[in-house]
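[1] Would you be able to build a 3D model of this:
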Amino acid sequence: MSSRLILPLLLFFSFTRADAADVGECAAPEAMTAKLKGEDQRSIASAQRITVDKKMVGMIFTMNPDRSVGYILQADQPMGERASKICVWTRLANVRLFDARKPGLPAEALLKAPEADALRRCDELAKGGKVSRESCGSFNTMKQKAEAHGERVMIQGFTVEKQADGTYKPNGTLATLSGRLGGSVDDFPDHPGWGIGGVLTYSSLPDGASIINAVVVYPEYTPYGLSRLAER
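    A predicted model of the protein is given here:
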């Protein structure tokens, strides 16, 4: 399956803060590409997001060369089909890449908080009606269990919020894309999605209470993403 959105790759150029894309902003592919070119953004990975109604829509992950700023974008069509609209799902700061082709869970991708802190925070969030208790767990435990099925961390970044002065600051949440690369639906006959699947996880910091923000399939790096992995 093609991993390419029908829009140009996100490449170079300089930008001003006033030109920055905002979360929730949508535009035609050409307009969004031009805007992100102005922020020196490049595509590093892609995936198909599974929506609530079981449809697939393309997601693409970007960062600038120094990894200080990145975006998670969503199209209104699957990867490989012509999108009429691209929207900004999340803006990230301090993007990190991990090589999910290699077995194991990198120590630097894990959080330092003990599991008890995460579970305590999950209880608080559930009592406040922000999450269901069943959907919340410890980041480290969730990723260790997923790695046993070949689902490994690909990308991490801190989600940010726009401030009154137009700058962006981290809002205490870590976004993590993990996936199983090069898999097949035949790899796990009882759970076909495991062979091609992945998730976008949001974790509160510093405790590590985590929920799955999006379920994806066919995650993969772009050529540029692979070239940046080679720098590690």
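[2] Would you mind listing where this structure has pLDDT under the threshold?
    Counting by pLDDT under 70, the ranges of the chain that qualify are 1-19, 232.
[3] again, only this time at 90
    Per-residue confidence for the chain (pLDDT under 90) gives these ranges: 1-22, 52-54, 149, 163, 165-167, 182-196, 230-232.
[4] For it, which segments are assigned as strands?
    Counting by DSSP state E, the chain has strands at residues 26-27, 42-50, 56-63, 69-75, 86-97, 137-138, 152-162, 168-179, 197-204, 209-221.
[5] Please name every helix or strand in contact with the last one.
    Spelled out, that is strand 209-221. Contact here means 3 or more Cβ pairs under 8 Å, 6 or more residues apart in numbering; DSSP states H and E; on that basis strand 209-221 packs against strand 42-50, strand 56-63, helix 115-127, strand 137-138, helix 139-147, strand 168-179, helix 192-196, strand 197-204. Using the backbone N, CA and C atoms, a C-beta is placed for each residue, glycine as well.
[6] Sheet-wise, list the partners of it with their directions.
    The strands that strand 209-221 pairs with in its sheet are strand 42-50 (antiparallel), strand 137-138 (antiparallel), strand 197-204 (antiparallel) (by DSSP bridges).
[7] can you check the fourth one too?
    Strand partners for strand 69-75, identified by DSSP bridges, are recorded as strand 56-63 (antiparallel), strand 86-97 (antiparallel).
[8] now it: how far from the chain's centre is it?
    Averaging C-alpha positions (Cα atoms, centre = their mean, to the nearest Å) puts strand 69-75 8 Å from its chain's average.
[9] change the start of the numbering to 51 and stick with it
    Done: numbering now begins at 51, and the last item shifts to strand 119-125.
[10] contact partners of that strand?
    55, 71, 79, 82, 86, 89, 91, 94, 99, 107-114, 133, 135-143, 145, 205, 207, 218, 225, 250 (Cβ atoms under 8 Å, 6 or more residues apart in numbering).
[11] Convert the C-alpha atoms of it to CSV, please.
    Output in CSV follows, covering the C-alpha atoms of strand 119-125 (Å, rounded to 0.1, in the frame of the first residue of the first chain):
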residue,chain,number,x,y,z
VAL,A,119,9.0,21.9,15.9
GLY,A,120,6.9,19.2,14.4
TYR,A,121,3.3,18.5,13.3
ILE,A,122,0.8,15.6,13.2
LEU,A,123,-1.4,16.2,10.2
GLN,A,124,-4.6,14.4,9.1
ALA,A,125,-6.0,14.1,5.6
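[12] and the spatially most central residue of the chain, what does it touch?
    Centroid check for the chain by Cα atoms, centre = their mean gives residue 227 as the closest residue, at 4.1 Å. Contacts for residue 227 were tallied using Cβ under 8 Å, 6+ apart; they are 95, 97, 111, 203-206, 248-251, 266, 269.
[13] what do you get for residue 269?
    Residue 269 is in contact with 95-97, 150, 204, 227-231, 248, counting by Cβ under 8 Å, 6+ apart.
[14] Spatially nearest residue to it (excluding sequence neighbours)?
    What sits nearest to residue 269 in space, not counting adjacent residues and going by Cβ to Cβ, 6 or more residues apart in numbering, is residue 229, at 3.1 Å.
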